[in-house]
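Asks: my questions are about this predicted structure, shown below with the sequence.
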Number of protein chains: 2
Amino acid sequence: MEIDMERSLEKVKAASRIIMNATASQKNDALMNIVMLLKEHREQIYAKNIKDVEYAKSSGLQTAMIDRLTLDDKRFESMLNGVLNIVNQNDPVGNIDEGFKRPNDLIIYKTRVPIGVIGIIYESRPNVTIDAAALCIKSGNASILKGGKESANTNRILSNITREALMNAGLDKNAVLLFEDPERLYISKLLKAKSYIDLIIPRGGEGLINFVTENSLIPIVKHDKGLCHTYIDVDADIDKAISIAYNAKVNRPGVCNAMETLLINVNIAGEVLPKLTSLYNKAGVEIRGCELTCKYAHVTQADKKDWDTEYLDLIISIKIVSSLEDAMDHIYKHGSGHSEAIITDNYTTAQRFLQYIDAAAVYVNASTRFTDGAEFGLGAEIGISTQKLHCRGPMGLKDLTTTKYIVYGSGQIRE
Amino acid sequence: MEIDMERSLEKVKAASRIIMNATASQKNDALMNIVMLLKEHREQIYAKNIKDVEYAKSSGLQTAMIDRLTLDDKRFESMLNGVLNIVNQNDPVGNIDEGFKRPNDLIIYKTRVPIGVIGIIYESRPNVTIDAAALCIKSGNASILKGGKESANTNRILSNITREALMNAGLDKNAVLLFEDPERLYISKLLKAKSYIDLIIPRGGEGLINFVTENSLIPIVKHDKGLCHTYIDVDADIDKAISIAYNAKVNRPGVCNAMETLLINVNIAGEVLPKLTSLYNKAGVEIRGCELTCKYAHVTQADKKDWDTEYLDLIISIKIVSSLEDAMDHIYKHGSGHSEAIITDNYTTAQRFLQYIDAAAVYVNASTRFTDGAEFGLGAEIGISTQKLHCRGPMGLKDLTTTKYIVYGSGQIRE
C-alpha cells in the first residue's frame, strides 16, 4: 500500500474511535453544522457543480448521467431536508437488543455500537456525498467516500463542508474522507484494506457492483437489482389488483422497487388483462406478454430473457400462470429477492405466499413501491440491501450499527 | 463450473427451499433421527474413524492433528449430547423482531427466516460434521460441508447419517451435502458459487481462513483469532484480580477466549505480580514480561511481537501500564476484538472501559473464558465471530437466520 494512502486510512481509523463514542447531541451538532454550512456556501457549491456539469458535457457524457450530476434548487433543498430528517431520527447507538442474567449471576446484554469505518463507493449523484456522510455521522461511523470522478468538484466542496461541520462540533474532521482516485489506481487497494475498513457499500450500476464484489476482501452490503413481481391471484379483488399493478409499474419505473413482471392467474386473466392493458397503453407502457397473454391482448410476445430483465423503464412483462404454485415457481426462478406481491382475498393463499416467497419484502394487496426506509418507518436509508447478510431490505441507521456484548461480573471464573 | 458440481449445488438449493419451510417438529424429528442413527451405527463409525486415524499415522500427520481426528467414547457421547441440546433449543425461524402499523394502515413486521445454503469449511475434527449439520437443520438451512481430507471416511459416514435422518423425517436429504475435494480442485469454484450459496463459514487455522477470504465471492463469517486481554486496574480487588487472571490464562489455554496478555496498573503491580507469578509458575505458565515487569518478578523479557501473538498455550505476556487510558490504547493497538476484561471496583473506570473498548465481548470482573454460546445462554454455537458483520461473538441459531419484511396491505398504492 502507498504510504500516503495508509496514512489517510490511519487518520480515518483514529477519527472513527472518537466518533464511535460521541454523544447523540455532539453528532446532531455536526449535522446541524452541515445544514448551516450548506446554506452559507450554496452559491459556491452551485459554481463547483456547474464546473463539473460543463466538463461532463464537453467530454460527451450521456444526458441521463449529466442529469444525475446536476444540483438544482429542488435537489439542494432535498439534500438539506435529508440531513434535518437524520437529525430527527433516534440515535441507534447504545440501544440494548437483549439481555439476561445467567445462573452464575453474570449480567450480559447485547448493545448496539457503530460498525467503525464504512467505505461508500458511488457514481455521479453528488447528493450521496452528503446523505452517506450524514447517515454515518449519526450512527457513529467514520466514512470514506469514493464518488464518481465526473462530480469531483462538487464532491470536494461537499465533503469539505462535512469535515468543517465535524470540527466545529468538536469531533475529528477525518471521520469523513473523500477518496479521490480519478485514474482508479488505488481503488483495488482500498478494497483490500481490511484492517482499516469494516464495511464497503457499493451504490451504482452492475459494473461497479461486480468490480467491488470481485476485488473486496472487506464485507460488502450490495444494493443490487430489483426484479420485482406482482401476482394477481384467482381470488383477487379486481379493482385493487388493477390499481396496484398499475401503481407498481407506472408510479416510478426507474427504481428498484418498481414491478418488472406481472403474473396473472389464468382464471382471472380474461377479466383483468383488457382493463389493465388499456391503462398501461394510455401511460405509454410497452407490454411484452407470454404466448397466452398475446391471445387476450394486442401485445408484443415476450422473449425468454424478458423474465430475467430489470427494465427500470416503462416496459412490463406479463405471464399467465395456472396456479399459485406456478406463480411462486416463476418468482423462485426469476426473482432477485427484493420485493414480491400477491393480490388476493383468500386468506390461505395469502399466508402461503408470505411463507414461501423468500425476499427482502413480501406483500399482500399493496404495491411493491413501498419497499423504502421512509415508507417502512425506518427513516432515511443508505440503500436497499439485496443481500441476505448482514441486513436485508431498506438499510437504515440501525443497520449501520453492529453489536457488542457487555458482561457485568462479580469475580466469576470458569470451572 | 463443472456440470457435476453445478448439479449438486442445484440439488442443495432445491432442498434448501424445502427445509426453509419445514416446521419445528419436522426439523426436530430429523435431529432425533440423527441421534438414533448415530447410536445404531456407532461401531461402523468407529471403524471408519480408525481407518482415517491409521492413514493419518502412516502419512506422518502431527500428533495434535491425529488427536483432533480421533473419535473416542467421550467425544461420541458429547456429539450425541450436542444434537440433543439443539433439539431442546427454540426454533428461531418465524420469530418477529419488530413490527409497526404505518400511517397508511400498512402492517409491516420483520420476521426471522433461514439464510438459505451455508457452506462450512473446516479441518480435522469430524464432530463438526454433525454439529454444523444439526445447527443448520434446526435453523432451516441447507449445508454444504467441506471437511478435511484426513477425516474423509468418518465424515462420509456421518454425513450419510444426517442425510438418512432428513429423509426419514420427510425432508430432502440434499439439505446436507458433503463436498469431497481431496485434491482441492473445486474449492475455489465453490467459493465463487454465489447464486447457490448464501454464506461461507470457515473454521480452522489462519491459512484456511486467509484462503477463504481471498477467494470467496460469497459473504463470510470468520472465526478468527482471539488475542484477549485482562487489565487489572489500580482499584481492583486483589483476590478477584488474581483468581480471574489465573483462570483466564490457565483454565483452557488452547481456545480463542483464553487471555494472552495481562495488563497491570503500575500502582498495584507490586502487590499483584509476586502472588500471580508464583501461581503461574506452579501451573507451568511461561511468563514474558515488559521491562518493568522484569523488575518485579523473575520472568523472561517480552519481545515486541509478543504483544501481537495469540499463544493458544501456557504462555502469557504481561505489561505494566500507567493508567486506564494506557491500557485501552494497548488493547486498541493489539486486541483482535474478541474478548477484553477489566478488573476494578471503581464504577466510573468500569463504565469507561465498557464504553471505549470495541470488541465482541467486554467484561468487568469476570474471566474472558465465558465468551461462548452456552455460557451466554444462546445454546450451541457454530463458532465465535470475530467479524463485526453479520454477527459478532458467539454465533448461535439466531445468527444462522436473516430477516424478511412481511407487509399486510388492503389495496395501498404509492402516491
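Replies: Noted; the coordinates are in hand.
Asks: off-centre distance for stretch A:78-90?
Replies: 17 Å (C-alpha atoms, centre = their mean, to the nearest Å).
Asks: does that stretch reach chain B?
Replies: No: using C-beta under 8 Å from any C-beta of the partner chain, stretch A:78-90 never reaches chain B; the gap is at least 13.2 Å. Every C-beta, even on glycine, is put in place using the N, C-alpha and C of the backbone.
Asks: so what touches that stretch?
Replies: Residues outside stretch A:78-90 that contact it (C-beta atoms under 8 Å, 6 or more residues apart in numbering or on different chains) are A:28, A:31-32, A:34-35, A:38-39, A:71, A:127, A:130-131, A:134-135, A:138, A:379-380, A:397.
Asks: in PyMOL, select just the buried ones from those residues.
Replies: In PyMOL, this line selects whichever of the contacts of stretch A:78-90 come out buried by 16 or more other C-beta atoms under 10 Å in any protein chain shown:
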select buried, chain A and resi 28+31+32+34+35+38+71+127+130+131+134+135+138+379+380+397
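Asks: point out where the stretch 1-150 of chain A drops to low pLDDT.
Replies: The stretch 1-150 of chain A contains residues with pLDDT under 70 at A:1-3.
Asks: let me see the ranges of the strands in it.
Replies: Here the stretch 1-150 of chain A has its strands, by DSSP state E, counting those that start in this stretch, at A:96-101, A:107-114, A:117-122, A:142-146.
Asks: I'd say residue A:256 and residue A:383 touch.
Replies: No: the criterion here is C-beta atoms under 8 Å, and residue A:256 misses it with residue A:383 at 9.1 Å.
Asks: identify the contacts common to these two.
Replies: Listed as contacting both residue A:256 and residue A:383 by C-beta under 8 Å, 6+ apart are residue A:223.
Asks: contacts only, for residue A:13.
Replies: Applying C-beta under 8 Å, 6+ apart to residue A:13 gives the contacts A:116, A:117, A:142, A:196.
Asks: chain B next: which of those residues are close?
Replies: Answer for those near chain B (C-beta under 8 Å from any C-beta): residue A:116.
Asks: and which of the contacts of residue A:13 is nearest residue B:388?
Replies: Nearest to residue B:388, judged by C-beta to C-beta, of those is residue A:116 at 6.5 Å.
Asks: pretty sure that closest one sits against residue A:20.
Replies: Yes: when contacts are counted by C-beta under 8 Å, residue A:116 is listed as touching residue A:20 (7.0 Å).
Asks: what residues are shared contacts of these two?
Replies: A:141, B:358.
Asks: would TSV of the contacts of residue A:13 with neighbour count be doable?
Replies: Below are the contacts of residue A:13 laid out as TSV (neighbours: other C-beta atoms under 10 Å in any protein chain shown):
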residue	neighbour count
A:116	22
A:117	27
A:142	33
A:196	23
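Asks: tell me which of the contacts of residue A:13 is nearest to chain B?
Replies: Of all these, chain B sits closest to residue A:116, with 6.5 Å by C-beta to the nearest C-beta.
Asks: what sits against that closest one?
Replies: Contacts of residue A:116 (C-beta under 8 Å, 6+ apart): A:13, A:16, A:20, A:141, A:142, A:197, A:198, A:199, B:358, B:388.
Asks: mind putting the residues you listed in TSV, distance to residue B:313 included?
Replies: Output for these, formatted as TSV (distance: C-beta to C-beta, whole Å):
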residue	distance to residue B:313
A:13	30
A:16	33
A:20	33
A:141	37
A:142	36
A:197	32
A:198	30
A:199	34
B:358	26
B:388	28
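Asks: among the residues you listed, who's most crowded?
Replies: Neighbour counts for the contacts of residue A:116 (other C-beta atoms under 10 Å in any protein chain shown) peak at residue A:142, which has 33 neighbours.
Asks: what bridges to the residue lying closest to residue A:132 once chain neighbours are set aside?
Replies: With C-beta to C-beta, 6 or more residues apart in numbering or on different chains as the measure, residue A:120 is the residue that lies nearest to residue A:132, at 4.5 Å, once sequence neighbours are left out. Beta-bridge partners recorded for residue A:120 (DSSP bridges): residue A:145, residue A:201.
Asks: tell me the secondary structure for residue A:287?
Replies: Under DSSP: H, G, I helix; E, B strand; the rest coil, residue A:287 falls in the strand class.
Asks: got the contact list for the residue lying closest to it once chain neighbours are set aside?
Replies: Once flanking residues are discounted, residue A:287 sits nearest to residue A:299: 4.1 Å by C-beta to C-beta, 6+ apart. Residue A:299 makes contacts with A:277, A:287, A:288, A:289, A:293, A:318, as judged by C-beta under 8 Å, 6+ apart.
Asks: Throw those into CSV and include pLDDT and neighbour count, thanks.
Replies: Formatted as CSV, these follow (pLDDT from 0 to 100; neighbours: other C-beta atoms under 10 Å in any protein chain shown):
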residue, pLDDT, neighbour count
A:277, 96, 20
A:287, 98, 23
A:288, 98, 21
A:289, 98, 25
A:293, 96, 23
A:318, 98, 28
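Asks: check those residues and tell me the two furthest apart.
Replies: Among the contacts of residue A:299, A:277 and A:288 lie farthest apart (C-beta to C-beta), at 11.6 Å.
Asks: that older thread, out of the contacts of residue A:116, which comes closest to residue A:44?
Replies: Nearest to residue A:44 among the contacts of residue A:116 is residue A:142, at 25.4 Å by C-beta to C-beta.
Asks: which residue is it, in the stretch 201-350 of chain A, that comes closest to chain B?
Replies: Closest point on the stretch 201-350 of chain A to chain B, by C-beta to the nearest C-beta, is residue A:247, at 3.6 Å.
Asks: list the contacts of that residue.
Replies: By C-beta under 8 Å, 6+ apart, residue A:247 lies in contact with A:367, A:369, B:413, B:414.
Asks: now do residue A:391
Replies: Contact analysis of residue A:391 by C-beta under 8 Å, 6+ apart lists A:221, A:385, A:399, B:390, B:403.
Asks: same thing but at 7 Å, please
Replies: Contact partners of residue A:391, counting by C-beta atoms under 7 Å, 6 or more residues apart in numbering or on different chains, are A:221, A:385, A:399.
Asks: ok, and the most crowded of those residues?
Replies: Most neighbours among those, by other C-beta under 10 Å: residue A:221, with 27 neighbours.
Asks: now it. Its backbone dihedrals?
Replies: With angles defined as degrees, to the nearest 10, residue A:221 sits at phi -120, psi 120.
Asks: hey, C-alpha coordinates of the strand ranked longest in chain A in CSV?
Replies: In chain A, with assignment by DSSP state E, the single longest strand is strand A:401-412. Output of strand A:401-412 as CSV, limited to C-alpha atoms (Å, rounded to 0.1, in the frame of the first residue of the first chain):
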residue,chain,number,x,y,z
THR,A,401,-24.5,-0.5,13.6
THR,A,402,-23.3,-3.8,15.0
THR,A,403,-23.5,-5.3,18.5
LYS,A,404,-21.2,-5.8,21.5
TYR,A,405,-21.8,-7.9,24.5
ILE,A,406,-21.4,-6.2,27.8
VAL,A,407,-20.7,-8.5,30.7
TYR,A,408,-21.0,-7.4,34.3
GLY,A,409,-19.3,-9.9,36.7
SER,A,410,-18.5,-10.0,40.4
GLY,A,411,-15.5,-12.3,40.2
GLN,A,412,-16.8,-15.2,38.1
